[in-house]
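S.K.: please work out how this folds:
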Amino acid sequence: MAPVDARPGKHPSFAGTLTPSWILSMVRSLLLDRQYFWYLFSLLFVGEALLGLLIINKVAYTKIDWVAYMQQVDGFIFGERDYSKLEGETGPLVYPALHLYIYAALHQLLPNDRVRAAQYIFLLVYLVTFTLVGCIYYFCGSRNRHIPQILLVPLTLSKRAHSVYLLRLFNDPLTMILLYAAVVGFMCRTTTGWRVGSVLFSMALGVKMNILLFLPGLLVLLVQYRGIFGTLESTAIMASIQIVTALPFLAHDSLAYFNSAFDFSRQFLYKWTVNWRFISESTFLSKEWATGLLMGHLTILMIFAAYRWAPNPVTLLHQACSTPSRPPVHTHGLSAYQIPLVLFTSNLIGMTFARSLHYQFHVWYFHQIPLLLYLGGAWGNPILGPCLWIMIEYAWATAPSTNFSSGILFFSHIVMLGGLLLHTKPIFNDLSSSEITLASTRRENEAT
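M.R.: Residues are numbered from 1 along each chain as shown. Below is the predicted model:
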């Protein structure tokens, strides 16, 4: 579905008569017109703040990982630097160092009864995340072609998202707020924006390694916008932050740190899976299944990289290598929504082929789904989009998962990927291989 026309036109006057037609016109403007984007956002923001306070004070906190986080922090505070020995009631610490530092700060700064105070902090995280996502949706549009703010409404309707943020206190919201801040930085499309975004992206990765699902898309974007040298610079920034934050543990036992914080061989429990309940437990646990998922993940990534994310990838790579200090294309030819579309699609591909998804992983892509549906995931069908959103939310709200709920979740993901591959409006505005070559030639002439 292409962005709506946002050219200036006649809008309802507040001084008009309160007729049904006037009210309908006002509602339409509030939901669709770019000049009213932040009005609707503000209404939703206030509503979310009030709802969040109500949930915290009226719904019981659910004890899952918070106590374990605090127990793992205790070991760190008392001087333990062997990462494999930081344990809690749910087992050893399996997240990178920045996760540990954040929860150590909460451990030290909050009062003894930390849960209620932490819930208010997570409400703030929820609201700031909503604001960052609002900025992303707004920046995706322009004066002439607008991403309508009605897409923000579904972001306020998820029971699972409110639960994960306000009642569970998982680390997933903390990694996603940093990720969305990084996307806002990337969307500035300046050298400083890419550098700041790279710092924030690495910080998000330092909380939880699910951020690696965005990395293939980010590497494609870095080459397009920054060239080979710029890509290497951003990669060095991200690697440096990982090393610096983990230094106390790397100095003690680097192998123990990487085996704990980035354990790619970890085995998941079948009873907690949200996405693969419709297969047998023996299949779920088999190496053949894991290998098949990995191959499927890599194959779909390559298809999107070759046919959706880059115009004429062979020519693009040739120009990037020929002039490594410069971007291989004129970035003004790229659509405003290209950056989040590529990143969010990369993440969706990873989640579709993930070995297992648990309930808190819902927030890894919850804020991205309306935008992905609008930009092609719903195949341009205004009925299919809401239906897919409802199906996805139903699957995540069903606990424990069933054959049916996990089946429709996988089906919804596949339909979205098909739409994003086959129906997405070209993000390169018909940028041809000759234009890529011409762009490179112009840069060479400018340099001489």
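
S.K.: got any ranges where the stretch 251-400 of the chain has weak pLDDT?
M.R.: Counting by pLDDT under 70, the low-confidence segments of the stretch 251-400 of the chain come to 311, 314, 318, 325, 328, 331, 333.

S.K.: any idea how far stretch 86-102 is from the middle of the chain?
M.R.: Between the mean C-alpha location of stretch 86-102 and the chain-wide mean there is a distance of 22 Å, by CA atoms, centre = their mean, to the nearest Å.

S.K.: same check, this time on stretch 21-32
M.R.: In terms of CA atoms, centre = their mean, the centre of stretch 21-32 is found 31 Å from the chain centre.

S.K.: kindly report the same for stretch 255-272.
M.R.: Between the mean C-alpha location of stretch 255-272 and the chain-wide mean there is a distance of 21 Å, by CA atoms, centre = their mean.

S.K.: that one: which residues count as buried?
M.R.: By neighbour count on 16 or more other CB atoms under 10 Å, the buried set for stretch 255-272 is 256-261, 268, 270. From N, CA and C alone the C-beta is placed, and that goes for glycine too.

S.K.: give me the contact list for that stretch.
M.R.: Contacts of stretch 255-272 with the rest of the structure, by CB atoms under 8 Å, 6 or more residues apart in numbering, involve 82-84, 86, 92-97, 209, 246, 249-250, 276, 281, 284-285, 355-356, 358-359, 400.

S.K.: narrow the buried residues of stretch 255-272 to those in helices?
M.R.: 256-261 (DSSP state H).

S.K.: hmm, back to that, of the contacts of stretch 255-272, which belong to strands?
M.R.: Secondary-structure check on the contacts of stretch 255-272 using DSSP state E: residues within strands are residue 92.

S.K.: if any of the contacts of stretch 255-272 are buried, put those into a ChimeraX selection.
M.R.: Written as a ChimeraX command, the selection of buried residues from the contacts of stretch 255-272, which uses 16+ other CB under 10 Å, is:
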select :83,86,93,94,95,96,97,209,246,249,250,276,284,355,356,358,359
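
S.K.: before we move on, the earlier item: closest one of the ones in helices among the buried residues of stretch 255-272 to residue 228?
M.R.: Using CB to CB, residue 258 comes nearest to residue 228 of those, at 27.4 Å.

S.K.: distance to residue 55 added to the buried residues of stretch 255-272, as TSV?
M.R.: Below are these laid out as TSV (distance: CB to CB, whole Å):
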residue	distance to residue 55
256	39
257	36
258	38
259	38
260	33
261	32
268	29
270	31
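
S.K.: rewinding a little: got a markdown table for the ones in helices among the buried residues of stretch 255-272, with distance to residue 101 too?
M.R.: Conversion of these to a markdown table gives the following (distance: CB to CB, whole Å):
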| residue | distance to residue 101 |
| --- | --- |
| 256 | 18 |
| 257 | 14 |
| 258 | 17 |
| 259 | 19 |
| 260 | 15 |
| 261 | 12 |
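
S.K.: and the gap between residue 305 and residue 316?
M.R.: Between residue 305 and residue 316 the distance is 10 Å, computed by CB to CB, to the nearest Å.

S.K.: residue 119: what's its closest spatial neighbour, skipping adjacent residues?
M.R.: Of all residues not flanking residue 119 in the chain, residue 56 sits nearest, at 4.8 Å (CB to CB, 6 or more residues apart in numbering).

S.K.: please apply the same query to residue 341.
M.R.: Nearest residue to residue 341 in three dimensions, chain neighbours excluded: residue 375, at 5.6 Å (CB to CB, 6+ apart).

S.K.: how about residue 177?
M.R.: Nearest-residue entry for residue 177: residue 129, 4.7 Å, with adjacent residues in sequence omitted and distances by CB to CB, 6+ apart.

S.K.: gap between the helix or strand hosting the one you found and the chain center?
M.R.: Element membership of residue 129, judged by DSSP states H and E, is helix 114-140. On the basis of CA atoms, centre = their mean, the separation between the geometric centre of helix 114-140 and that of its chain is 14 Å.
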